[in-house]
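Enquirer: can you look at this prediction? I've put the sequence above it.
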Amino acid sequence: MSAAPSEAPATVELGGGFIYVRRPDGRAAVLAPHLQSAGVAGMMSPSLVNARDAGELRSWLEDWGFEPALPVAQVNQVHGTEIAAAGEAGPASEADGLWSDSGGIILTVKAADCAPVWLADMSSKRFALVHAGWRGVASGIIAAAIDTLAAAGSKADELAVAVGPHLRPCCFEVGPEVADRFANIGGAILPASALTAPRRRRDSVSLDLSAAIRADLNDLGVRDEQIFIATACTRCHPELFHSYRRNGSGGPLMAAVAARRG
Ligand SMILES: [Zn+2]
């Protein structure tokens, strides 16, 4: 990875405590330090890496200290609400989240504009990682993740939840058919004037996906001071992130990862 004039600076604050870090050797990552007190490492690959390519993903994981022998749990993401147990899931499992209480596995979900959401139980070894786009959030994936952890013994008020970089209201143009799904959630739908990206349709508005996620978390009993939301927009920062809206379908993806330390 050679230095390029357009390369991102060495450290970029992404809001909500998320940090983009580029090391002197050029390797970069988005760090989610919020889960450290729960003993969970949370990271996301940057736009330097295409996590759609399994070899690139593995190489990036090794660059950041993950043991080559550790299995990488991933699922077939379908914008649904299924949360799979990491030890039982495979690439063909249709799910949009993974959970584990083991130290022997790396959880991954892939995203480009959808929000990666890390959840960690601060009083046990349990943690989860979710791929949350508007379809998943509207269908209840946040509640599904918390219900899954609760069924294993976790309490919502003992969770830390970090929502990684995603498409923000500046770029999240949605039509009325999507807006209707969020109409009852305060702050989730903003007027079209919130959009700085060129509009593709005249009847559109802006979606604040993280407002909908925060509303779900609040309703489910997660304490507000334990919710951390990145404010950097994936589409607005090509030097940092991949973006589906910018690159189109079939474009490169980022991988969010979570694993127990030690
Ligand atoms: Zn934007």
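Expert: Structure's in. What do you need?

Enquirer: going by C-alpha atoms from here, please, whenever you check contacts or count neighbours.
Expert: Noted.

Enquirer: interface residues of the stretch 51-200 of the chain facing the ion?
Expert: Proximity of the stretch 51-200 of the chain to the ion (Cα under 5 Å from the ion) is limited to residues Cys170, Cys171.

Enquirer: what ranges do the helices span in the stretch 51-200 of the chain?
Expert: Listed in chain order, the helices of the stretch 51-200 of the chain (DSSP state H, counting those that start in this stretch) span 54-63, 134-139, 141-151, 176-179.

Enquirer: contacting residues for the closest residue to Val72 other than its chain neighbours?
Expert: In space, Val72 comes closest to Ile106 once its chain neighbours are excluded; the distance is 4.8 Å by Cα to Cα, 6 or more residues apart in numbering. Shown in contact with Ile106 (Cα atoms under 8 Å, 6 or more residues apart in numbering): Leu70, Pro71, Val72, Ala73, Val257, Ala258, Ala259.

Enquirer: of these, which count as buried by neighbour count?
Expert: Neighbour-count burial (16 or more other Cα atoms under 10 Å) applied to the contacts of Ile106 gives Val72, Ala73, Val257, Ala258, Ala259.

Enquirer: if I look at the last one, how far off is Glu158?
Expert: The reference is to Ala259. 18 Å (Cα to Cα, to the nearest Å).

Enquirer: now swap in the third one and tell me
Expert: Summarising the geometry, the distance separating Val257 from Glu158, computed by Cα to Cα, is 21 Å.

Enquirer: returning to that earlier point: present the helices of the stretch 51-200 of the chain as JSON lines; the columns should include mean pLDDT and mean neighbour count.
Expert: Shown next, in JSON lines, are the helices of the stretch 51-200 of the chain (pLDDT from 0 to 100; neighbours: other Cα atoms under 10 Å):
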{"stretch": "helix 54-63", "mean pLDDT": "96", "mean neighbour count": "15"}
{"stretch": "helix 134-139", "mean pLDDT": "98", "mean neighbour count": "20"}
{"stretch": "helix 141-151", "mean pLDDT": "98", "mean neighbour count": "20"}
{"stretch": "helix 176-179", "mean pLDDT": "98", "mean neighbour count": "14"}
